[in-house]
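**Q** coords please:
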Amino acid sequence: MKVAAVVNYAPEKGSVEIREIPRPDIGDEDILLEVANVGVCGSDLHQWTADHSWPVNYPVVLGHEFGGHIAEVGKRVVGWKAGDRVVSETAAVIDTNNPMSRTGLYNLDPTRKGFGYGVNGAMTRFVSVPARCLHRVPDQLAFEQACLTEPCCVAFNAVVQNSRLKPGDRVIVIGPGTIGILCAAMARLCGAEVAVIGLESDKHRLSIASHYGCEVIIGDASSWARQQDGLGADCVIDAAGASATLKIAMDLVRPNGQITKVGWGPQPLGFSIDPIVQKNVTLQGSFSHNWPVWERVIALLSSGQLDVKPIIGGVWPITEWHVAFEKMHGGEVVKSVLKPV
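**A** Numbers count the residues shown, from 1 in each chain. Take a look at the predicted model:
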């Protein structure tokens, strides 16, 4: 049996196309997942435009934000059965003996390989998934929303785990993409006052951020940052895909504050980071997520405390992947979702 898949087949720009691939085989500890919906991530776009900074095992099926029903279980899989509604974590391959994995931080295992770049992802009808990656999805949570558990987990890890915000904190989020808006939503759930900043071309995406009770700012956010006592924001979350925004963050953060960097920016810095020293600022990186983060996020989504519907710009069949990619790449929508056919 062959199925259609969105395949990134080479490192050159634009090397993505629909291909027919075999239904995957599964190992004894895997399940075969029939994909209901898969979100388009900025990293999928970066592999399409060939401006990514991570190794890719070409050719590879794209897609790591996904959920669906279990179609088949491996011989040694326990606790799961065909028909179960699930979402999957992204850490498809890990070294269980790595010190990071042994402490539950397998997302930081240097040998980790993820869906969509290290192994085949979910922009297709069926994907093989290790059973350890699975989380149950309650019936009341539609897969169009559930497939966005992964970016919500990125935001939860950045804001709740790694920024440790307190009610009343003033937070600035740089970059109104999916992760930036979800970071802003998480900060609001923590009781923070939040401003999201972007460019003139980001007007539509900034308007989505306002749905979450955030102030939206085009350009300079200095006045908002210093509005309370003149010193700056308690925390600046840099969710932009450029290195240069760190300079903006250093200007906006208050002394003894924190900058959390969650956006990838492969460009070298062309400026001094002395303000981090002078202001006694914590610079915190945040990458991926792990099992307890997923459980918390599913609870937030299922209860309605976190609503991702405002960021979904549309659902397209995977045969129309190019339209979905273009709409996200051009800023017309915040998040595109695909549906296998």
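**Q** in the stretch 101-250 of the chain, which segments are predicted with low confidence?
**A** Along the stretch 101-250 of the chain, no part satisfies pLDDT under 70.
**Q** so who does the residue lying closest to residue 126 once chain neighbours are set aside touch?
**A** Of all residues not flanking residue 126 in the chain, residue 23 sits nearest, at 5.1 Å (CB to CB, 6 or more residues apart in numbering). Heads up, the C-betas are built off the backbone N, CA and C, glycines and all. By CB atoms under 8 Å, 6 or more residues apart in numbering, the contact list for residue 23 reads 1-3, 32, 125-126.
**Q** and what of residue 18?
**A** Going by CB under 8 Å, 6+ apart, residue 18 touches 4-7, 318-319, 321.
**Q** mind running it again at 10 Å?
**A** Residue 18 sits next to 4-7, 123-124, 318-322 when contact means CB atoms under 10 Å, 6 or more residues apart in numbering.
**Q** So which of those are in helices?
**A** 321-322 (DSSP state H).
**Q** Which single one of the contacts of residue 18 is nearest to residue 282?
**A** Nearest to residue 282, judged by CB to CB, of the contacts of residue 18 is residue 123 at 37.3 Å.
**Q** For the stretch 51-200 of the chain, which segments count as strands?
**A** 60-61, 65-73, 85-88, 91-93, 113-114, 126-130, 134-136, 170-174, 193-198 (DSSP state E, counting those that start in this stretch).
**Q** neighbour-wise, which of the contacts of residue 23 leads?
**A** Counting neighbours by other CB atoms under 10 Å, residue 126 leads the contacts of residue 23 with 23 neighbours.
**Q** Confirm for me that that one is in contact with residue 33.
**A** Yes. Shown here, residue 126 and residue 33 form a contact pair, counting by CB atoms under 10 Å, at 6.8 Å.
**Q** before we move on, what SS does residue 255 have?
**A** strand (DSSP: H, G, I helix; E, B strand; the rest coil).
**Q** That one: how many residues sit nearby?
**A** Using other CB under 10 Å, residue 255 has 11 neighbouring residues.
**Q** list residues touching both of residue 126 and residue 33?
**A** Contacts common to residue 126 and residue 33, judged by CB under 10 Å, 6+ apart, are 24, 26, 68, 71-72.
**Q** picking up where we left off before, so which of the strands of the stretch 51-200 of the chain is nearest residue 37?
**A** For the strands of the stretch 51-200 of the chain, the distance to residue 37 is smallest for strand 65-73, at 6.4 Å, taking CB to CB.
**Q** what sits against the residue nearest to residue 143 when sequence neighbours are not counted?
**A** Once flanking residues are discounted, residue 143 sits nearest to residue 36: 3.8 Å by CB to CB, 6+ apart. Residues in contact with residue 36 (CB under 10 Å, 6+ apart) are 66-69, 85-87, 122, 137, 142-144, 146-147, 339-340.
**Q** Drop anything exposed from those.
**A** Neighbour counting over these (16 or more other CB atoms under 10 Å) leaves 66-69, 85-87, 122, 137, 143-144, 146-147, 339-340 as the buried ones.
**Q** Please identify which of those residues is nearest to residue 296.
**A** Nearest to residue 296 among the buried ones among the contacts of residue 36 is residue 87, at 13.3 Å by CB to CB.
**Q** What ranges does the stretch 101-250 of the chain have for its helices?
**A** Shown for the stretch 101-250 of the chain, the helices assigned by DSSP state H, counting those that start in this stretch span residues 143-146, 149-156, 178-189, 203-210, 222-225, 245-252.
**Q** Buried residues, the longest one. List them.
**A** By that I understand helix 178-189. Residues of helix 178-189 classed as buried: 178-189 (neighbour count, 16+ other CB under 10 Å).
**Q** could you dump those residues to TSV with distance to residue 289?
**A** Listed next are the buried residues of helix 178-189 as TSV, based on distance: CB to CB, whole Å:
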residue	distance to residue 289
178	14
179	12
180	17
181	17
182	12
183	13
184	18
185	16
186	12
187	17
188	19
189	16
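**Q** For burial, what's the neighbour tally of residue 160?
**A** Neighbours around residue 160, by other CB under 10 Å: 18.
**Q** no no, residue 295
**A** Look at residue 295: counted by other CB under 10 Å, it has 12 neighbours.
**Q** check contacts around it.
**A** Neighbouring residues of residue 295 by CB under 10 Å, 6+ apart: 135-136, 153.
**Q** Just say helix, strand or coil for it.
**A** Quick answer, by three-state DSSP: residue 295 is helix.
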